[in-house]
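Visitor: Pasting the sequence and the predicted coordinates here, then a few questions.
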Amino acid sequence: MRRRLAEGLAVLLSVASLGAGAASGPNSSEAARITQPTAIKAVSRQATKTKNCPYEVGTASWYGEYFQGKETASGELFDMQALTAAHPTLPLGTFVRVTNLRNGRAVVVRINDRGPVVEDRIIDVSYNTARVLGFHERGLQRVRLDLVRPASMARLQTVASLKQTL
């Protein structure tokens, strides 16, 4: 946050100093040195915002034993020990990094179900996911969701699982 503020102030001061210099116009010695107009490259604020922006921030809950073995929206059976989650709109099979905003723990889960059905919640995670994130005893936790691109998934796999696929 401070870095963004500092970068924004630096850009603002640069633009302000350029504007102040241009207001007086070039003197005769400066005019002789300028042969072609110089372009100022605009900083893309959109790219900066979306690069570090979370997909969603809100309340997460978990579900477990009652749903164990029941069919999920993806057709697979629910496994409370798997690192999976239910989300209302993300495509099934999407990988999401869930970060517990209370303790900073994070884990990547696969969306395989639809939910949560409670209006003020953004994701339902499996019991094991809640345990890894450290909120299985609390039941609810404020979290941050970040989409994980498939190219970065290879880095998240263990060497043993990569050898099995070869």
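Guide: Cool, got the structure.

Visitor: And stretch 143-153, what's buried?
Guide: For stretch 143-153, a neighbour-count test (16 or more other CB atoms under 10 Å) marks 143-146, 148 as buried. All C-beta atoms are positioned from the backbone trio N, CA, C, and that covers glycine.

Visitor: for the record, mean pLDDT for that stretch?
Guide: Mean per-residue pLDDT for stretch 143-153: 82.

Visitor: now swap in stretch 117-127 and tell me
Guide: 94.

Visitor: just stretch 65-84 next, same as before
Guide: For stretch 65-84, mean pLDDT is 96.

Visitor: Send me that stretch as PDB with only the CA atoms.
Guide: The C-alpha trace of stretch 65-84 is given here as PDB (Å, rounded to 0.1, in the frame of the first residue of the first chain):
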ATOM      1  CA  GLU A  65     -18.900 -34.700   7.800                       C
ATOM      2  CA  TYR A  66     -22.600 -34.200   7.100                       C
ATOM      3  CA  PHE A  67     -21.800 -33.900   3.300                       C
ATOM      4  CA  GLN A  68     -19.100 -36.600   3.300                       C
ATOM      5  CA  GLY A  69     -19.500 -38.900   0.300                       C
ATOM      6  CA  LYS A  70     -22.400 -36.900  -1.200                       C
ATOM      7  CA  GLU A  71     -22.300 -35.700  -4.800                       C
ATOM      8  CA  THR A  72     -21.000 -32.200  -5.500                       C
ATOM      9  CA  ALA A  73     -22.000 -30.000  -8.400                       C
ATOM     10  CA  SER A  74     -19.100 -31.300 -10.400                       C
ATOM     11  CA  GLY A  75     -20.300 -34.900 -10.100                       C
ATOM     12  CA  GLU A  76     -17.500 -36.100  -7.900                       C
ATOM     13  CA  LEU A  77     -18.200 -37.200  -4.300                       C
ATOM     14  CA  PHE A  78     -17.400 -34.700  -1.600                       C
ATOM     15  CA  ASP A  79     -14.300 -35.600   0.400                       C
ATOM     16  CA  MET A  80     -13.900 -33.400   3.600                       C
ATOM     17  CA  GLN A  81     -10.200 -34.200   3.600                       C
ATOM     18  CA  ALA A  82      -9.500 -32.900   0.100                       C
ATOM     19  CA  LEU A  83      -8.500 -29.300  -0.600                       C
ATOM     20  CA  THR A  84     -11.700 -28.300  -2.400                       C
END
